[in-house]
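J.: A structural model of the following input is requested.
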Amino acid sequence: MSSTPEKILLAAPRGYCAGVDRAVQTVARALEIHGAPVYVRKEIVHNKHVVEKLRERGAVFVESENEVPEGATAVFSAHGVSPEVHANASARGLNTIDATCPLVTKVHREAIKFAAEGYTIVLIGHQGHEEVEGTMGEAPDSIVLVESVADVDALTVPDDTRIAYISQTTLSVDETAEVIVRLRERFPHITGPRTDDICYATTNRQAAVKELARACDLVLVIGSRNSSNSNRLVEVAREHGADAHLIDNESQVQEEWLDGVGVLGITSGASAPETLVQNLVAHFRARGTEDVSELEVIQEDVRFMLPKPIRQALAERGEPAISSAAARPA
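T.: Okay, the predicted model is just below:
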């Protein structure tokens, strides 16, 4: 072993957010209530470990609602879907359970409202991301996508007095702020949502990783490659002075990363379960690292109600209908 960190700092908050916890519990509860198989459109959340565990329990992940047998139970992922998907599912007689994060639903409602009021809507987000596709589907003729300040500079709209902006919930807080500043400079009449679209968990995890990066030589972020918020954590750590890498689990740690590392920081994306963090800590304890502590920046206590079909079924069984979200569930 070429190098063993003297100290590990764990970011707090990290890991599961309330929307992810709600979505994962929705699939688990649907399997309990309806039995396997339960079909899930796309990955319920962007984490390979979570998806595999649910697959082992009988969840079947499909790319399209059209792949679900007529009349079967189908869960929509936390990232949200377009009205077209809802219509297709209804036409196929699917028993649908919508696990869209309530904070994503908020953005959908903003898109509907602004479109109804005749605004051109600028959506700040990443091309091809499922959340972006779902949001754009609410008002496809009214929404234009921008990813950067350069995109804003190239933007033209029919009426610069009727323009609004919304954003994907998992973006870089700082980069999105820069885009919004440029939008306001170019379009002084632009309006936006009453409250930030970037979700509390994304904001809090980025704030925590900023502090973590300043105190560490290396930051390891646990999360899958297709997880937007996990990728943003790597970027934020690098921007604030630490080397940083994204890994799915402890098996992906590369020895050369550890050369000269005295303090190792560990965090995890909002769709990564805490068990992966603890496995990584155990990996380094086995190498000889004894000093492990948390760097708490913000406390979280956010919970969401489970989707209505699940709540109704649980009520019949006398069970609570609120997901057990915590910053770091076991």
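J.: dump the residue contacts of the closest residue to Lys48 other than its chain neighbours.
T.: Computed as C-beta to C-beta, 6 or more residues apart in numbering, the closest residue to Lys48 that is not its neighbour in sequence is Ser224, at 4.9 Å. Any C-beta I mention is one placed from the backbone N, CA and C, and that applies to glycine too. For Ser224, the contact set (C-beta atoms under 8 Å, 6 or more residues apart in numbering) comprises His46, Asn47, Lys48, His49, Ser230, Asp248, Gly269, Ser271, Ala272.
J.: likewise for Glu147?
T.: Glu147 neighbours (C-beta under 8 Å, 6+ apart): Ile124, Gly125, His126, Gln127.
J.: before we move on, what about Ala270?
T.: Ala270 touches Gly15, Tyr16, Cys17, Gly19, Val20, Thr170, Ala201, Thr202, Arg205, Ser227, Asn229, Ser230, counting by C-beta under 8 Å, 6+ apart.
J.: the helices in this protein, which residues?
T.: Counting by DSSP state H, the chain has helices at residues 18-34, 48-56, 83-91, 102-116, 130-136, 149-153, 173-186, 200-215, 228-239, 274-287, 308-316.
J.: including mean neighbour count and distance to Ser3, could those go into CSV?
T.: Shown next, in CSV, are the helices of the chain (neighbours: other C-beta atoms under 10 Å; distance: least, C-beta to C-beta, whole Å):
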stretch, mean neighbour count, distance to Ser3
helix 18-34, 23, 33
helix 48-56, 17, 26
helix 83-91, 15, 49
helix 102-116, 19, 40
helix 130-136, 23, 39
helix 149-153, 15, 39
helix 173-186, 16, 31
helix 200-215, 22, 18
helix 228-239, 23, 19
helix 274-287, 16, 9
helix 308-316, 15, 47
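J.: so which of those comes closest to Pro5?
T.: Among those, helix 274-287 comes nearest to Pro5, with 6.3 Å by C-beta to C-beta.
J.: check which helices and strands the closest one sits against.
T.: Applying 3 or more C-beta pairs under 8 Å, 6 or more residues apart in numbering; DSSP states H and E, we find helix 274-287 packed against strand 7-12, strand 218-222, strand 263-268.
J.: domains for the chain, by residue range?
T.: 7-16+200-296, 18-100+303-316, 103-186 (automatic domain parsing).
J.: looking at those, which is closest to Ile322?
T.: domain 18-100+303-316 (5.2 Å).
J.: how close does Ala99 get to Thr202?
T.: For Ala99, the distance to Thr202 equals 18 Å [C-beta to C-beta, to the nearest Å].
J.: ok, now Pro188?
T.: Taking C-beta to C-beta, one finds Pro188 at 28 Å from Thr202.
J.: among the helices of the chain, which is nearest Ala11?
T.: helix 200-215 (4.2 Å).
J.: residues in contact with that closest one?
T.: Counting by C-beta under 8 Å, 6+ apart, 9, 11-14, 17-19, 103, 169-174, 196, 219, 221, 229, 232-233, 236-242, 244, 263, 265, 267, 269-270, 295, 297-298, 300, 302 sit against helix 200-215.
J.: what's the neighbour count on Ser251?
T.: Ser251 has 9 neighbours, counted by other C-beta atoms under 10 Å.
J.: got the contact list for it?
T.: Counting by C-beta under 8 Å, 6+ apart, Ser251 has no contacts.
J.: quick check: it vs His49, distance?
T.: In this view, Ser251 and His49 are 12 Å apart by C-beta to C-beta.
J.: list the contacts of Glu138.
T.: Ser82, Pro83, His108, Ala111, Ile112, Ala115.
J.: what score does the nearest residue to it once chain neighbours are set aside have for pLDDT?
T.: Computed as C-beta to C-beta, 6+ apart, the closest residue to Glu138 that is not its neighbour in sequence is Ala111, at 4.4 Å. Note on Ala111: pLDDT of 98.
J.: for Arg317, same thing?
T.: In this model, Arg317 carries a pLDDT of 87.
J.: report the separation between it and Thr156.
T.: Taking C-beta to C-beta, one finds Arg317 at 56 Å from Thr156.
J.: now Thr176
T.: 21 Å.
J.: pretty sure Asn229 contacts Ser271?
T.: Yes: with contacts counted by C-beta atoms under 8 Å, Asn229 reaches Ser271, the gap being 7.4 Å.
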